[in-house]
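Trainee: below is the sequence, then the predicted model.
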Amino acid sequence: MLCVPALAQEARVVQSPPRLTNSGYYTPNRAPLQGLPFQKLPPGAVTPRGWLRTQLELDATGLSGRLPEISDFLQFEGNGWVDPNSNTGWEELGYWLRGYGDLSYVLGDPKMLAATQKWVDAIIANQKPDGYFGPERLRPKANGDNDPWAHMLMLDVVHSNYEYSGNKAAFDFMTRFFKWQNAQPAKYFQSGWGALRWADNLNLVYWLYNHTGDAALLDLAEKIHDNSANYTDNLPNGHNVNLAQGIREPGEYWMQSGNPKHLNAVENDYQKIMSQFGQVPGGGFGGDENTRPGFGDPRQGFETCGIVEYMHTHEMMTRISGNPLWADRAEELAFNSLPAALTPDHKGIHYITSPNLVQANRSGVKGQFDNRFPMLAFEPGIHNYRCCPHNYGMGWPYYAEEAWLATSDKGVAASLYAASEVKVKVGDGTQVQWTQSTEYPFVDTINFKLAAPKTVKFPFYLRIPRWTQNAQIRVNGQAVKVAATPLSYVVLDRDWKNGDTVSLRLPMQIGVTKWAANKDSVSVNYGPLTFAYNSGEKWVRDGGSNEWPSMLVQPTGAWNYGLPQGVKASDFKVVRAKGAVSNQPFTLESAPIRLETKARRVPGWVADTQGIVRPLQASPARSTQPLETITLVPMGAARLRIASFPTVSTAQTALDWTLDVPKIPVFDATASHTNDDLEAMVDGIEPKSSFDLTIPRFTWWNHKGTSEWVSIDLKKPMQVSSASLYWFDDTGKGECRVPASWRLLYKDGDTWKPVEGATTFGTAADTYNTVTFTPVTTTALRAEVQLQTNFSGGILEWKSNAKG
């Protein structure tokens, strides 16, 4: 008879805990919903320690905790969410309060808890007799004009409050609102931002059903799925935040349908997004407002709202699917992207965070990014960034809450590793406490110690990430013989007693990732951390107040380095800082790990005229620059960074990178009004169509149906006899159209005069509209334009045959 060590019998490897209905202690799914492997613990069950707690404390003393001091959207008096006599308010309060509320629960801060409860009580008290709540202006209109989005955020707020406190008023509030919601027509579910974000609402409908068993809630869930945007078969929208949160909707609905296509759709959507726009390190994708085909270079940014919403989706899909890959993805964003979206003290934020960013300034408004307003400076950004400073605050609290999960077989799982304590019911219902001691992800060992009032049998799940090999586990100092394969869970199912210990070691190795879809660039990982080159940072205040400054970040050295062609893991040296890991490890000064390697500068890789890094060209780039030793730091610690490197070679067959400097405008331009780039008309970049969103543009937005003008200054007297205008028209996306009519004038002294002998003033799309006229000598030309009724307009390019 084969003699097997006892511990080997008690350990096994699984891809997921079992999916059970009506089992577990934390709101398990009720039939006919599909069983889930994991259950979320109530806020407050997890107490974070170490660096994770510091991030939360920085949130509390930074933007998230103090935002009402500076945000006019968060004033209690006169706010339509709490004042029945006010009609103000939209998404900002809900965005902020769901993060602030959970921050107060996780930290257990009495002052913050009281502030949260004040808001929640007032929101509940402002509910109308029919179940609707909030500003009356957001109530659906008879003509179908409505947007249910902002209410979804408030439901998150009230739901968390019930989970934390057992506040029955919160439970009853949600019951009444969902009854009201179920009575709404199909149009209600198809309108506004909400049409693309019903995942936020659907999850809570199922939560309430699991508490009550009310079949009408399943009818509401069907109505939501049938009438909301279709994420099952396609990506219905290109907005980064819609995608980050919307893709989980089919996965949530799978709990009701049981159809594998709905669960599989989430992974399929993720792959579609990442294959087109996310071929970069850091876990995010190029969504500097909207995703744009052809804009997947690592200089593209990911909106801060998108970062935290994507983390939330990954955390929820871990629970729904049981697939540990989703937890890996949540960690990747948390360690490598979210910290760099904030100043180290969490008092400033920027709108987008890019894997390759060489200057955080007030530029990038000429088509490098989708938005045409500055998005890189670090500041509170109450109005110019608006959504992000109010929404970012859920990132770290939600992450802390998801660090530990209950399992439907009445066990517990360590899902996202971080120093923490958890109190959880297991086995026969006994509450135990696990204490997790670690400096992960900066070390590879995680230690656990159990406090239990008696011996109790239950399964303890340990997640094994995709990047580790030969994970090692010890229980009470004794090695556990188990093949802990990557992307699995090791289950320790045994009789546990007070004082038992578990040690998990996840060996970390250097890994080099090649991004074939991004010019064969490479990135460097060590365990879950990605590393980047930082050229030095000079922080310069350019506004704000002493308490809430606005900061620019400038490089202090060269950044344009490439790694040698064929670079491999052995080309890097791991250098650890002495002493314990700092509780704020996401700064250049405190980074606990660095990598040293050799690199050469790439002469043809420069920033554009606005200080934005130019897109990568094909690797290997030819460089005969000296081979230098450079130091890489964790990507999350660097606000300026190159994380996606070209490779370089001295060989003649390597590729000479061109400077590719854009044409300098020949003429200056002025206009009656614009929120866009005046120079775009005269930058020499040829449009592919009137709907070309990939190049800079000039528009009169948001003026509609008005008479407008735009002039070009020729800088000296010149003879002109023709002008060609290429109109901007975003039919199908926006509200710009070719003009109703226009005419051309020239400047005679201080007077503007119409050109004479003119041919047709064309208004065709997708072509230059050329007008010829009797030659004039002038210093300036002006196009006077009548915009179409209810529409704005613009110009992609303006040419003339000016001579002289």
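Mentor: Perfect, I can see it now.

Trainee: which residues touch the residue nearest to Asp493 when sequence neighbours are not counted?
Mentor: The shortest distance from Asp493 to any non-neighbouring residue, by Cβ to Cβ, 6 or more residues apart in numbering, is to Pro459 (4.1 Å). Placement of C-beta: from N, CA and C, glycine included. For Pro459, the contact set (Cβ atoms under 8 Å, 6 or more residues apart in numbering) comprises 17, 407, 409-412, 491-493.

Trainee: which of those lies closest to Lys519?
Mentor: Pro17 (41.4 Å; Cβ to Cβ).

Trainee: re the thing from before, so how far is Leu333 from the residue nearest to Asp493?
Mentor: Noted for Pro459: a distance of 28 Å to Leu333, by Cβ to Cβ, to the nearest Å.

Trainee: pull out the buried residues from the longest strand seen in the chain.
Mentor: Counting by DSSP state E, the longest strand found in the chain is strand 707-728. The neighbour-count check on strand 707-728 (16 or more other Cβ atoms under 10 Å) flags 708-712, 714, 718, 720-728 as buried.

Trainee: so where does the residue nearest to Asp493 fall, helix or strand?
Mentor: Pro459 is located in strand 456-464, with elements delineated by DSSP states H and E.

Trainee: walk me through which strands that strand pairs with, and which way each runs.
Mentor: strand 412-414 (parallel), strand 488-496 (antiparallel) (DSSP bridges).

Trainee: I'd like these as JSON lines, with distance to Thr763, mean pLDDT and mean neighbour count appended.
Mentor: As requested, these are exported to JSON lines (distance: least, Cβ to Cβ, whole Å; pLDDT from 0 to 100; neighbours: other Cβ atoms under 10 Å):
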{"stretch": "strand 412-414", "distance to Thr763": "63", "mean pLDDT": "98", "mean neighbour count": "24"}
{"stretch": "strand 488-496", "distance to Thr763": "63", "mean pLDDT": "98", "mean neighbour count": "20"}
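
Trainee: would you reformat the ones you listed as CSV and include distance to Lys803?
Mentor: Formatted as CSV, the strands paired with strand 456-464 follow (distance: least, Cβ to Cβ, whole Å):
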stretch, distance to Lys803
strand 412-414, 74
strand 488-496, 73
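
Trainee: for Thr778, helix, strand, or coil?
Mentor: strand (DSSP: H, G, I helix; E, B strand; the rest coil).

Trainee: can you check the one 10 residues further on too?
Mentor: Per three-state DSSP, the local secondary structure of Gln788 is coil.

Trainee: start the count at 342, not 1, going forward
Mentor: Taking 342 as the first residue, the last one we looked at is Gln1129.

Trainee: give me the neighbour count for it.
Mentor: 17 (other Cβ atoms under 10 Å).

Trainee: cool, and Thr659?
Mentor: Counted with other Cβ under 10 Å, Thr659 comes out at 26.

Trainee: roughly how far apart are the closest residue to Ile661 other than its chain neighbours and Met658?
Mentor: Spatial nearest neighbour of Ile661, chain neighbours left out: Gly592 (5.3 Å); criterion: Cβ to Cβ, 6+ apart. As judged by Cβ to Cβ, Gly592 and Met658 stand 6 Å apart.

Trainee: for Asp574, find the nearest of the strands paired with strand 797-805.
Mentor: That would be, of those and by Cβ to Cβ, strand 829-837, which comes in at 30.5 Å.

Trainee: tell me what angle the helix or strand that comes right after that closest one forms with strand 829-837.
Mentor: Next helix or strand after strand 829-837 toward the C-terminus (DSSP H and E): strand 842-846. Strand 842-846 runs at 170 degrees relative to strand 829-837, counting by axes from the mean of the first three to the mean of the last three Cα atoms, to 10 degrees.

Trainee: farthest-separated two in the contacts of Pro800?
Mentor: So, the contacts of Pro800 by Cβ to Cβ: farthest apart are Lys751 and Leu833, at 14.2 Å.

Trainee: any idea which helix or strand carries the closest residue to Trp431 other than its chain neighbours?
Mentor: Leaving aside its sequence neighbours, Trp431 sits nearest to Ala491 (Cβ to Cβ, 6+ apart; 5.2 Å). Assigned by DSSP H and E, Ala491 belongs to helix 490-506.

Trainee: what is the mean pLDDT for that helix?
Mentor: Throughout helix 490-506, pLDDT has a mean value of 98.

Trainee: got it, and stretch 370-385?
Mentor: Rounded mean pLDDT across stretch 370-385 is 97.

Trainee: and if you look at stretch 710-729?
Mentor: On average, stretch 710-729 scores 94.
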